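Novice: What would the 3D arrangement of this be:
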Amino acid sequence: MQKDEKTKALLDYAKECYNSEHKPTKREIREKFHLEIYNYFKNIADYHQKAGLEPSLRNYPRENAKKRIIEYLQNKAMCGIYLNRREIEKLLNIHLSTYFKNLKELYCCAGVDYDLVEKKNNALIAKARLGEYGIEEGKRIVASHIEEEVKNGRYPVVRDIQKQLGLAFYHYFTSIFEAYSFAKIEYPFNSSNFLSKQKETILTKIVEALLAKMGYEIERIAIESRYKRNKGVDLIVKDRMNNLICVEIKAFHKSQGITPREIKQLRKYIESNKCKTGILITTSTLITEEADPCIEVIDANKLINLLKMNNLDNHLQSINWIMNERVGFSDEEFKNQMKEKIINYFKKSDCNNRRKELEKLFSIDLRTYFGDRCMGRLRALADN
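Specialist: Residues are numbered from 1 along each chain as shown. Just a heads-up that it's a prediction; the model follows:
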């Protein structure tokens, strides 16, 4: 068979496959015709194109596919359509992570304002995930679900409630404790965690007021964000020169030190948010980490002085409470119970090298329970 004849046979086969709602692959061609597609066409996309088929992006070389994705996004944006990740993957039949680090990188490459898709996502969350419930009706639905689950011996957490009811929990309640209180059921786990969250919320409000007085413009507050609530750096602010600054807040007891872990965390936030500097504001008086040239640390004493200088003395009582209020023994008891649960699971499972799997399963940071070398320590405890 001559090359032209083989080419025609390949094209006819492609059309035949397409009529059966199927596009032939390289492997399929190799097995059926005992030849390599590259001897007859530039690539699989070229093969499909010459057969009159619409080639899949997955069949193009990676860089070509990226250009086409960017062009597709730009064309949609010109029509006022700002696609989110799920829409792009469904419409183009691709995995976005194959071509771009994340959706933000794609929008950046396309020269389209990423804030526009975030606004759209916020609207979608309000419309699709929240359902048709009003605030009071949504609260009653969540409370009824909690009551039913507790009757069956289960105490659902936020993730369970959102997954089972298909709604955004934080549209109706500010915490799991508030939801259980509304349902008139005592939440049995880690009540000191609520205390930590309460301290964090109060300090965030104080810092917000202080920074506004000092001339900073507040761009984002994590605990007030509907989109990615309480994720990432605590605040992003803009100074008088329009420089973005990451602000991390640590509502610590005065004797709890700031360690390398907190500094590294803020450094990562600075890099991921493309800021030049960061500020760490804490109620601790013990700074154990050496200064970082990109990070300003404001400890409890500096914080108190700044509040006084900016006529915010009314917050001093709250700062004093945060500094002196200790997390009780119940927190230590809870940690011990959680450690035992993780160790038992680790012994029975085969996830010896899967830290992410454990952290996702238990919704925790393993370092909280087993220190910096968490996996090594966990293995040692599981072997005893």
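
Novice: Leaving out the residues flanking it, which one is nearest to Lys104?
Specialist: Of all residues not flanking Lys104 in the chain, Tyr114 sits nearest, at 5.1 Å (CB to CB, 6 or more residues apart in numbering). Heads up, the C-betas are built off the backbone N, CA and C, glycines and all.

Novice: Is the one you found in contact with Cys108, as I believe?
Specialist: Yes: in terms of CB atoms under 8 Å, Tyr114 counts as a neighbour of Cys108; the distance is 6.8 Å.

Novice: Tell me the helices and strands packed up against the longest helix anywhere in the chain.
Specialist: Using DSSP state H to define each element, the chain has its longest helix at helix 191-213. For helix 191-213, the elements it packs on are strand 217-221, strand 235-238, strand 244-250, helix 300-309, helix 316-324, helix 329-348, judged by 3 or more CB pairs under 8 Å, 6 or more residues apart in numbering; DSSP states H and E.

Novice: The third one: how far from the chain's middle?
Specialist: In other words, strand 244-250. Mean C-alpha position of strand 244-250 versus that of the full chain (CA atoms, centre = their mean, to the nearest Å) differs by 18 Å.

Novice: following that strand, which helix or strand comes up?
Specialist: On the C-terminal side of strand 244-250, the nearest following helix or strand under DSSP states H and E is helix 260-272.

Novice: Any buried residues in that next one, and which?
Specialist: Judged by neighbour count using 16 or more other CB atoms under 10 Å, the buried positions of helix 260-272 are 262-263, 266-267, 269-270.

Novice: quick one, domains of the chain?
Specialist: According to automatic domain parsing, the chain is divided into the following domains: 3-55, 62-128, 130-188, 194-324, 329-383.

Novice: possible to save those domains as TSV with mean pLDDT?
Specialist: Formatted as TSV, the entries for those read as follows, by pLDDT from 0 to 100:
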stretch	mean pLDDT
domain 3-55	75
domain 62-128	80
domain 130-188	80
domain 194-324	86
domain 329-383	75
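
Novice: If I take the longest helix of the chain and helix 316-324, what angle do their directions form?
Specialist: Using axes from the mean of the first three to the mean of the last three CA atoms, to 10 degrees, the direction of helix 191-213 lies 140 degrees away from that of helix 316-324.

Novice: Which parts of helix 191-213 count as buried, going by neighbours?
Specialist: Per 16+ other CB under 10 Å, helix 191-213 contains these buried residues: 192-193, 195, 197-204, 206-208, 210-211.

Novice: in stretch 347-360, what's buried?
Specialist: Buried residues in stretch 347-360, counted by 16+ other CB under 10 Å: 358-359.

Novice: neighbouring contacts of it?
Specialist: Applying CB atoms under 8 Å, 6 or more residues apart in numbering, the external contacts of stretch 347-360 come out as 342, 345-346, 365-366, 374-375, 379, 382.

Novice: Could I get the full set of helices for the stretch 51-200 of the chain?
Specialist: Defined through DSSP state H, counting those that start in this stretch, the helices belonging to the stretch 51-200 of the chain, from first to last, are 62-78, 85-92, 103-110, 114-124, 135-151, 158-165, 176-182, 191-213.

Novice: Please dump the ones you listed into JSON lines; it should also carry distance to Asn310 for every row.
Specialist: Written out in JSON lines, the entries for the helices of the stretch 51-200 of the chain read as follows (distance: least, CB to CB, whole Å):
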{"stretch": "helix 62-78", "distance to Asn310": "43"}
{"stretch": "helix 85-92", "distance to Asn310": "42"}
{"stretch": "helix 103-110", "distance to Asn310": "35"}
{"stretch": "helix 114-124", "distance to Asn310": "31"}
{"stretch": "helix 135-151", "distance to Asn310": "35"}
{"stretch": "helix 158-165", "distance to Asn310": "36"}
{"stretch": "helix 176-182", "distance to Asn310": "32"}
{"stretch": "helix 191-213", "distance to Asn310": "4"}
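
Novice: TSV please, covering the helices and strands packed on helix 191-213 and showing distance to Val142.
Specialist: What follows is the helices and strands packed on helix 191-213, written out as TSV (distance: least, CB to CB, whole Å):
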stretch	distance to Val142
strand 217-221	24
strand 235-238	29
strand 244-250	28
helix 300-309	37
helix 316-324	30
helix 329-348	24
